[in-house]
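Q: Turn this into a model:
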Amino acid sequence: MAADPAAILDVAALERQTGGDAALRGEIVRMFLEDCPQRVDAIGGAIVAGDAAALASSSHALKGSAAYLRAAVVRDRAADLERCGREGRVADAPAVFDALRTAVADLLPELQKLTLQAPMSDTTGTWLARTISKVNGVAGTVHVVDGDGLRLLAAVNIPAAVQHAVEYVPRGKGMAGIALHSGEPVQTCNLAEDATGNVQPGAKAVSARAAVAMPIRDASGSVVAVVGIAFGDEREIPDQEVQALMNDAASVVSVISSRTT
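A: Residues are numbered from 1 along each chain as shown. Okay, here's the model as predicted:
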């Protein structure tokens, strides 16, 4: 039976996620087209090597990218392979891998159609989408310093009601406001269930779990922005990973500067 077209690629959901921004949607698609072959090759290599840990990690990465893209069939096959790896069932993986390759073959032509429809863009939203994809996140925001607080500049996969709630964040309020005030990253293991008081009530509606808000400094050392990245799994993000995320996020300074020059 042929897969439901919306399961192969839910264009309507992707359109909602990107707020109707064709350039942003096109950038997300282009990034997946660039990354997907390497991710599939990594999964295949792990199967050949009999490396369960590599199979789980490489499959998890592809699962996250496909979920972000709203490609349910590829996401589900990658999830199946991740389970094979985590449960040490590498012998079961070849048949699932064949199903994954079929799903990818069905998906790629649909993505290529979208790239023909979308112009390139260097907006902050495009930068954010690229960064989220690179770190296997599922959602994110960029706030810039405005007076004694933060103004929302870009959001990816954040519900409209939440965007409205965090359109302006006072210093010291919510994860972003605390990151601005302290100059240090602030994280939670689970946005929806956080009991620390650091997460604003509206932010709990985001479809994500672990999250981190990172203050970003310019060349003078002043905090000019706070970048938030959220992930699909519940966990404490290790300090080393937070530092790597901050290194990736630091490039937003040049994007912000280009908007004001």
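
Q: ok, how many other residues are close to the nearest residue to R217 once chain neighbours are set aside?
A: Distances taken as CB to CB, 6 or more residues apart in numbering place V223 nearest to R217, at 5.6 Å, with adjacent residues excluded. Using the backbone N, CA and C atoms, a C-beta is placed for each residue, glycine as well. Neighbours of V223 under the rule other CB atoms under 10 Å: 16.

Q: and V223, how far is that from A7?
A: In this view, V223 and A7 are 43 Å apart by CB to CB, to the nearest Å.

Q: can you check R25 too?
A: Distance from R25 to A7, by CB to CB: 18 Å.

Q: the more surrounded of the two?
A: R25 (24 against 17).

Q: sorry, back to before: make sure the residue nearest to R217 is actually in contact with G183.
A: Yes - the pair V223 and G183 passes the contact test of CB atoms under 8 Å, sitting 6.0 Å apart.

Q: list residues touching both of these two?
A: Here V223 and G183 share the contacting residues P215, scored by CB atoms under 8 Å, 6 or more residues apart in numbering.

Q: Please name every helix or strand in contact with the helix or strand hosting G228.
A: Using DSSP states H and E, G228 maps to strand 223-230. In terms of contacts (3 or more CB pairs under 8 Å, 6 or more residues apart in numbering; DSSP states H and E), strand 223-230 is packed against helix 124-134, strand 139-146, strand 149-156, helix 174-182, strand 211-217, helix 239-249, helix 252-260.

Q: can I get these in CSV with mean pLDDT and mean neighbour count?
A: Converted to CSV, the helices and strands packed on strand 223-230 look like this (pLDDT from 0 to 100; neighbours: other CB atoms under 10 Å):
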stretch, mean pLDDT, mean neighbour count
helix 124-134, 85, 22
strand 139-146, 91, 23
strand 149-156, 89, 22
helix 174-182, 94, 23
strand 211-217, 94, 23
helix 239-249, 91, 15
helix 252-260, 70, 14
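
Q: could I get these as a markdown table with distance to R16?
A: Below are these laid out as a markdown table (distance: least, CB to CB, whole Å):
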| stretch | distance to R16 |
| --- | --- |
| helix 124-134 | 14 |
| strand 139-146 | 13 |
| strand 149-156 | 12 |
| helix 174-182 | 23 |
| strand 211-217 | 21 |
| helix 239-249 | 25 |
| helix 252-260 | 24 |
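
Q: of all the ones you listed, which lies closest to Y68?
A: Y68 lies closest to helix 124-134 among those, at 6.3 Å (CB to CB).

Q: and the closest one with strand 149-156, angle?
A: Per axes from the mean of the first three to the mean of the last three CA atoms, to 10 degrees, the angle that helix 124-134 makes with strand 149-156 is 70 degrees.

Q: For helix 124-134, which helices and strands make contact with it?
A: On a contact count with 3+ CB pairs under 8 Å, 6+ apart, helix 124-134 meets helix 22-49, helix 52-69, strand 139-146, strand 149-156, strand 223-230, helix 239-249, helix 252-260.
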